[in-house]
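Q: sharing a sequence plus its predicted fold:
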Amino acid sequence: MSSDVLKSLAKEALMIPQEKLQRIGSLNKKLFIGIPKETSFQENRVSLVPEAVSLLVNNGHRVCVETNAGQNANFPDKDYSEVGAEICYSVEQVFKADIIIKVAPPTKEEIEMMPGNQTLFAAIQLSVHPKNTLEMLMRKKITAIAWDFIKDEEDVYPVIRSMSEIAGIRAVSIASHYLSNLNEGRGTILGGIAGVSPTEVVIIGAGTVGEFAAKSAIGLGASVKIFDDNVYKLRRLQNDLNTTVWTSIVNPKVLEKALMRADVAIGALRAVNGRTPCVVTENMVSQMKEGSVIVDVSIDQGGCFETSRVTNHNSPTFVENGVIHYCVPNIASSVSRTASFALSNIFSPLLLDIANGGGIAKKIRENTGFRHGVYVYKGTLTSPTLGEAFNLPFKNIELLLMAL
């Protein structure tokens, strides 16, 4: 075969598309995760349960758990150590991890223990977030992510929805508990018994809390009335319940009449920003049956009953105008084990996705729902709400990422 033919064949071979070889798992990042013990008052949840830690460790990640971090949710240190977690007896050691994941917002003391250039996952309370903690996060170049503001692929806040489901179910069981005459109630059972008129339950709010409260009450046989200021929400809820239920917009006269007949009233309104609208006046409460029960789930945003005031798990109720009021903000913490599992079901797949996708920075760049939870990015405040509230400089995160 002549040299010219060989050259021609070689040239043709070069023109054939070739497979590009890539290193398998090149995007995978090994994470160092710290789980501190919650120090906030009556916060009994833990961010990751042992089963979730096992999943992370088996994927090659390092998890440092502060001793007794899961104690209040009935997860002893042994459960964590047996799945490969490091039990840390020094809280400073936990806060040296690259990723800190906790339930309650960070305290000044906790941020002081962080060396800097880390990622912090925690809840954020926009209305009460101290200015000095924000400034500390900024100085230490922390990337702070509010897990309660992260959105999923369906544009839903998965953590808020999960905790709201728990709050709705618990609201009905709490009301049932306090209706008993052993707890100063009317001595009635929440539900329906043959030959006895069913308990009447008024639910104010047709969101997730209202939906799950309605399902629980209807399941027990109670007569349920639901109020909301949004007709679309009422229609959607009625469709989701798959049964005909009495609904109404929040009309003061109609609401007043319903409350006069109610054995239980559940406040489940939620404001997008600011305070929950107070739709039940003291006069309305004074006309309710003596020994009836109010469970104001909206109390964390101010409450929707004029007579509501914040209580806690040690002293959860008070009586006003003969009506028992339950106004504990952190209802999910009263079932901390269930709530911790619910949190872990969201956090553990998210952390694995971050690791397999190339790290936090890449996840923030590529996922708009995840980016929605970021309020400080590498020391730069990106939340307009916090910036305007505390007169701090902030930048739009979209523009900030484009500039980097």
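A: Cool, the structure landed.

Q: surely residue 395 is in a strand?
A: No. With DSSP: H, G, I helix; E, B strand; the rest coil as the criterion, residue 395 is located in coil rather than a strand.

Q: what are the phi and psi angles of it?
A: The phi and psi torsions at residue 395 (degrees, to the nearest 10) take the values phi -130, psi 150.

Q: which residues touch it?
A: 380-382 (CB atoms under 8 Å, 6 or more residues apart in numbering). Yep, even glycine has a C-beta here, placed from its N, CA and C like the rest.

Q: and it, how far is that from residue 93?
A: For residue 395, the distance to residue 93 (CB to CB, to the nearest Å) stands at 33 Å.

Q: what does residue 179 give?
A: For residue 179, the distance to residue 93 - CB to CB - is 48 Å.

Q: kindly report the same for residue 403.
A: As judged by CB to CB, residue 403 and residue 93 stand 35 Å apart.

Q: for residue 367, same thing?
A: 31 Å.

Q: where does pLDDT dip in this protein?
A: The model of the chain has pLDDT under 70 over residues 1-27, 126-129, 273-274, 404.

Q: list the contacts of the closest residue to residue 113 other than its chain neighbours.
A: Distances taken as CB to CB, 6 or more residues apart in numbering put residue 95 closest to residue 113, at 3.9 Å, once the chain neighbours are dropped. Counting by CB under 8 Å, 6+ apart, residue 95 makes contact with 34, 36, 110, 113-114.

Q: of residue 179 and residue 93, which one has the most company?
A: residue 179 (23 against 15; other CB atoms under 10 Å).

Q: for that one, what are its contacts?
A: Taking CB under 8 Å, 6+ apart as the test, what residue 179 contacts is 185-190, 199, 263-264, 291-293.

Q: now it: phi and psi?
A: The phi/psi pair for residue 179 (degrees, to the nearest 10) reads phi -70, psi -20.

Q: look up how far residue 301 lies from it.
A: Taking CB to CB, one finds residue 179 at 26 Å from residue 301.

Q: which stretches in the stretch 301-404 of the chain count as helices?
A: For the stretch 301-404 of the chain, the helices defined by DSSP state H, counting those that start in this stretch cover 336-357, 360-366, 368-371, 384-390, 397-403.

Q: okay, the ones you listed in a markdown table with mean neighbour count next?
A: A markdown table is the format used below for the helices of the stretch 301-404 of the chain (neighbours: other CB atoms under 10 Å):
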| stretch | mean neighbour count |
| --- | --- |
| helix 336-357 | 19 |
| helix 360-366 | 17 |
| helix 368-371 | 17 |
| helix 384-390 | 14 |
| helix 397-403 | 12 |
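
Q: show me what contacts the nearest residue to residue 339 once chain neighbours are set aside?
A: By the measure of CB to CB, 6+ apart, the closest residue to residue 339 outside its immediate chain neighbours is residue 332, 4.2 Å from it. The neighbours of residue 332, taking CB under 8 Å, 6+ apart as the test, are 45, 163, 166-167, 170, 339.

Q: please tell me how far the nearest residue to residue 51 once chain neighbours are set aside sits from residue 29.
A: Counting by CB to CB, 6+ apart, residue 344 is the residue found nearest to residue 51 once chain neighbours are left out, at 7.1 Å. Distance of residue 344 to residue 29, given as CB to CB: 20 Å.
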